[in-house]
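Colleague: okay, sequence plus prediction incoming.
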Amino acid sequence: MNTENQLWSIKRIADFLDLSVNYTRNVIVKQANFPEPRFSIVEVNGKKQKSKPRWLNTEISEWVSQKYCFQSEMEERQPAKPGRKRKTSDEFQL
């Protein structure tokens with residue numbers, strides 16, 4: 001992985017996480033522990049405006065390493081399913 005600081009857009013983050021852009025924009029980047037976006041101030045027709053949000057790739061990589069876990073850890077954390085067990089029978093009844 002490239003350790004050089006790069007600014008990533010929502011599309012780049014979505015590609016990196018293999019998620020849709022809409023899900024990344026509406027769910028992922030709105031999580032409380034997700035890194036803060038960075039903006040630049042650009043001047044358009046004499047008015048100052050914020051650019052689209054960008055995130056540092058190193059911060060995203062660090063967030064991923066804290067947020068995601070291995071399959072073996074998921075299996076250990078899986079709670080028992082609530083509810084009663086289904087009846088099973090060997091014979092088919094009408």
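Modeller: Structure's in. What do you need? The shown structure was predicted, so the numbers you read here are calculated from the model rather than taken from an experiment. Numbering: from 1, shown residues only.

Colleague: count the neighbours of residue 60 for me.
Modeller: Using other Cβ atoms under 10 Å, residue 60 has 20 neighbouring residues. Where C-beta positions appear, they are placed from N, C-alpha and C, glycine not excepted.

Colleague: hang on, it packs against residue 15?
Modeller: No - contact status for residue 60 versus residue 15: not in contact, 11.4 Å apart, counting by Cβ atoms under 8 Å.

Colleague: just the strands from this structure, written as ranges.
Modeller: 7-8, 41-44, 47-50, 55-56 (DSSP state E).

Colleague: may I have the strands that pair with the third one, each with its orientation?
Modeller: The sheet places strand 47-50 alongside strand 41-44 (antiparallel), with pairing taken from DSSP bridges.

Colleague: and the partner strand, average pLDDT?
Modeller: The average pLDDT for strand 41-44 rounds to 87.

Colleague: show me the longest helix that occurs in this structure.
Modeller: helix 57-67 (DSSP state H).

Colleague: I'd like to know which elements it is packed against.
Modeller: When contacts are defined as 3 or more Cβ pairs under 8 Å, 6 or more residues apart in numbering; DSSP states H and E, helix 57-67 sits against strand 7-8, helix 10-17.

Colleague: mind listing what residue 62 touches?
Modeller: residue 35 (Cβ atoms under 8 Å, 6 or more residues apart in numbering).

Colleague: now swap in residue 34 and tell me
Modeller: 28, 63.

Colleague: so it versus residue 10, what's the distance?
Modeller: 11 Å (Cβ to Cβ, to the nearest Å).
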